[in-house]
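A.B. asks: turn this into a structure:
(2 chains)
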Amino acid sequence: MSYLTRASPLHAARAAPASAYCAALVTAILLTHNPLVLGALAVAIATAAAGARAPGRVARSLYLSLPMALVVALINPLVSRNGLTVLARFGDWGPFGQVDPTLEALAYGAMFGLQLALTVAVCALWSAAIDPDALLRSLRRVSFRSALTATLATRMVPLLAFDAQRIAEAQRTRRRPAPRTLIARAITTNALDRALDIAATLEVRGYASASAPRAARAPRSRHDLAFAGAAAAIAALALITVLLGLAPFDFYPTFHGSLASARTEAVSLAFVVLAAAPFGQRRGIER
Amino acid sequence: MSVLELHELTYRYPGAAAPALDRVSLTIEEGEFVIVAGLSASGKSTLLGLACGIVPHFHGGTLAGDAEVCGLDLEYNGPAELATHVGALFQDPETQVLMGTPRAELAFPLENRGFDAVATARGVEEAALALGVSALLDRRTNTLSGGELQRVALGAALAGHPRLLALDEPTSQLDPVAGDELLGLLRRLNEEWGTAVLLAEHRLERCLAAADRVVVLDAGRIACDAPPSEFLDWAHGAAPSLETPAARLVASLGLDPPPTGVKQARATLARHNLLPPAGEPPPLPRRERRSRRTEDAVLRFDGVWHELDRGPTILAAVSLAVRAGELIALLGRNGAGKSTLLRHAAGLLAPTRGRVSATGHVALLLQDPSAYFTHERVADELPPAELKAAGLEHLGDRQPRDLSGGERQRLALALIAADEAAVLCLDEPTRGMDRRAKAQLASALKARAAAGAAVIVATHDPEFAAAFATRAILLAGGRILADAPPANLLAGGWYFATETARVLRGHAGALTPDQGAAALTAWTAA
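C.D. replies: Take a look at the predicted model:
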């Protein structure tokens, strides 16, 4: 979870429009239940990750979120009583009651797991492409302390990981290695020490007297406008799709909806095009 | 006009039995360069903390007496108010750089003070130009070296043009090159900007020449407050462990006045016709001849490479044979590969090519002894017999992290079974140590070698290397550049050389003041 310095349109955009773009993608993911549209959003995210030159980071986040997505997919049929196509009858499982997993509940769980994995992927894209310092500056007038905490977390996570590695190495060289619980406590103590050092640095940099800066108007670059426009368009399309039922799909009691209708395909294609469009412009970003 | 004024000031940390500062009266004028000297735990850091307000406002405790910083009463004004007038820099560069880029780091204190975008941008550019970090402004801070981070932190401290700069051992974690660069910057800022500097430092020989005054603290009290030359006169009789090597060299020859730096020392020697002419530095022996004698080695590196996956090469074809009883100083800049080499010796890392072999246990003490402690009491870390053997039985009830630097090191050495090791490796053991503690450590290492162990110490401190080593190895870019007796290596360079060697320009390979005095006596007799 750290910022990657890359020459890409998303990196070149300011923190606010770039964050809005990622937020719009998450909105679209959470609002749709249609598997085809979700698939299209997956393609859109992959395109954005490639455009932001951070495909490895996004792929790794998908890999890491996969177990959680699988757990969600597998738990839903065990706890859901919905769906008509019973896959197996496991009988009474005590506190869980009658467990009869259905195909619909399994598919709904898979859809939910996919939503989770895609949301994590967008977060990975956001952390890789949006400079936390720029975000702190843009949020300074709104919520300075929250933004500062986020910035410090981004800076400190690798440092604390390095500390933990250092402590683990030291323990390996002891004659009698300490139990894991004690090592965990030592790592926590070290993190608290680091926190104190950082707090002292914040103090001497005048953090406690931080005042809201005067509003500054900076010109918007072509990338700012492109990502702000794409964010607005993606969010609007997601809302319109839900409100007008352009790509309806329900899992319960049985699958019904337009999985492959012309409207659904058009909506899916539109998401991919809107997400990819701001990456088409590469003027003024090569460093 | 004074930037710091203390009158009969006494400060006690919460729960402490003795005061950290005891009836201290001190005035620092605008534009002065003042060094705060003293042994560990003498109150130096507390005085620095007081100057920037984190004492007592961040640490708590009780304060008596009067303290004014840049005209602000310390009782009613904390670090936030003082930040406008005082810049502060501490030891660890990692926890002083908070933002993702140097540009954001330099802007942070200005933005906190409500500067608008234009004033902030101007302040950032000026600080960056003054410190020579313009090229670093848009790099990610996690890609900067320790020296670069410390310069960025200094830039953040300076960005608002403070009247007083308080620095607590800012070079303790830097290699000699980066340390000298930082001290050079401080000198320039003091001379050109008129910023008053209050600098706590153990290695006085590095900064004494730039100072206007030296304030010596002893158990929280001011033991000496005088210009550098008078301080050295005082130290010669009252606190020899604070005397610089050049001053000791000149004093041992019976000359006067004590020099504050290399240039003055040479001038004094030249005045008495005692300065040998500059000659060729002592030759470095050919490494091939040494490395062939490997049959009696207790530790061997055979063509060891350490190449990071999708990263740089840290060690490149390192071949090395270490024999029992050898005392080896491993020198080199930050990032030269010293720590990696020691980790390979201890088996913490596996070579990507080549082989490391040892005939017995290899004990490794990493840079921070606190990393070894897992309990709340010293007595819980070790069985009573081992605690007694380490000479720490009287500290059984103390929290290990609260011990002094030397005590923490002894406890960590006991935890890694240093007494039983065939090879004892120490990674930067003298960071933040005063000269007395270093002398004790050098004696302990010599005793271990006399008992048959091989000792390898990675260090940035040439004076310490000269005090203990029988062999010196210079690493750069993961390769062994030189492997020679210390007299050959440490007398022939500039950065990796002792002050005595620099004064005498490598004459007769003299490294310590005693060796230097003996060499000069022999030279004049000849």
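
A.B. asks: mind checking the SS state of the residue nearest to B:Arg377 when sequence neighbours are not counted?
C.D. replies: Counting by C-beta to C-beta, 6 or more residues apart in numbering or on different chains, B:Asp397 is the residue found nearest to B:Arg377 once chain neighbours are left out, at 6.0 Å. Every residue, glycine included, has its C-beta placed from N, CA and C. In three-state terms, and counting by DSSP: H, G, I helix; E, B strand; the rest coil, B:Asp397 is coil.

A.B. asks: count the neighbours of B:Asp397 for me.
C.D. replies: When neighbours are counted by other C-beta atoms under 10 Å in any protein chain shown, B:Asp397 registers 9.

A.B. asks: same check, this time on B:Asp368
C.D. replies: There are 18 residues near B:Asp368, going by other C-beta under 10 Å.

A.B. asks: tell me the domain boundaries of chain B?
C.D. replies: Chain B resolves into domains spanning B:2-242, B:294-521 when parsed by automatic domain parsing.

A.B. asks: how about those domains in a markdown table, adding mean pLDDT and distance to A:Leu41?
C.D. replies: Shown next, in a markdown table, are these (pLDDT from 0 to 100; distance: least, C-beta to C-beta, whole Å):
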| stretch | mean pLDDT | distance to A:Leu41 |
| --- | --- | --- |
| domain B:2-242 | 90 | 29 |
| domain B:294-521 | 90 | 31 |
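
A.B. asks: how about those in JSON lines, adding distance to A:Phe227?
C.D. replies: Listed next are the domains of chain B as JSON lines, based on distance: least, C-beta to C-beta, whole Å:
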{"stretch": "domain B:2-242", "distance to A:Phe227": "20"}
{"stretch": "domain B:294-521", "distance to A:Phe227": "30"}
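
A.B. asks: would you map the strands across chain A?
C.D. replies: Secondary structure of chain A (DSSP state E): strands at A:249-250, A:256-257.

A.B. asks: is it true that B:Asp368 touches A:Phe162?
C.D. replies: No - assessed by C-beta atoms under 8 Å, B:Asp368 is found out of contact with A:Phe162, at 11.6 Å.

A.B. asks: can you name the residue of the stretch 401-526 of chain B nearest chain A?
C.D. replies: Residue nearest to chain A within the stretch 401-526 of chain B: B:Ala417 (4.0 Å; C-beta to the nearest C-beta).

A.B. asks: dihedrals phi and psi, that residue?
C.D. replies: Dihedral angles of B:Ala417 (phi, psi; degrees, to the nearest 10) stand at phi 60, psi 50.

A.B. asks: before we move on, what about A:Thr173?
C.D. replies: The phi/psi pair for A:Thr173 (degrees, to the nearest 10) reads phi -90, psi 0.

A.B. asks: ok, the one 3 residues further on next?
C.D. replies: The phi/psi pair for A:Arg176 (degrees, to the nearest 10) reads phi -120, psi 100.

A.B. asks: quick one: it from A:Ala184, how far?
C.D. replies: 17 Å (C-beta to C-beta, to the nearest Å).

A.B. asks: more neighbours: these two, which one.
C.D. replies: Neighbours were tallied for A:Arg176 and for A:Ala184 using other C-beta under 10 Å; the higher tally belongs to A:Ala184 (14 against 10).

A.B. asks: show me the helices in the stretch 101-250 of chain B, by range?
C.D. replies: B:102-112, B:117-131, B:146-158, B:176-188, B:228-238, B:245-252 (DSSP state H, counting those that start in this stretch).

A.B. asks: turn those helices into JSON lines, columns for distance to chain A and mean neighbour count.
C.D. replies: Shown next, in JSON lines, are those (distance: least, C-beta to the nearest C-beta, whole Å; neighbours: other C-beta atoms under 10 Å in any protein chain shown):
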{"stretch": "helix B:102-112", "distance to chain A": "3", "mean neighbour count": "26"}
{"stretch": "helix B:117-131", "distance to chain A": "4", "mean neighbour count": "18"}
{"stretch": "helix B:146-158", "distance to chain A": "6", "mean neighbour count": "26"}
{"stretch": "helix B:176-188", "distance to chain A": "17", "mean neighbour count": "19"}
{"stretch": "helix B:228-238", "distance to chain A": "28", "mean neighbour count": "19"}
{"stretch": "helix B:245-252", "distance to chain A": "32", "mean neighbour count": "26"}
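
A.B. asks: picking that back up, wait, the residue nearest to B:Arg377 sits on B:Ala379?
C.D. replies: Yes - taking C-beta under 8 Å as the definition, B:Asp397 is a contact partner of B:Ala379 at 6.7 Å.
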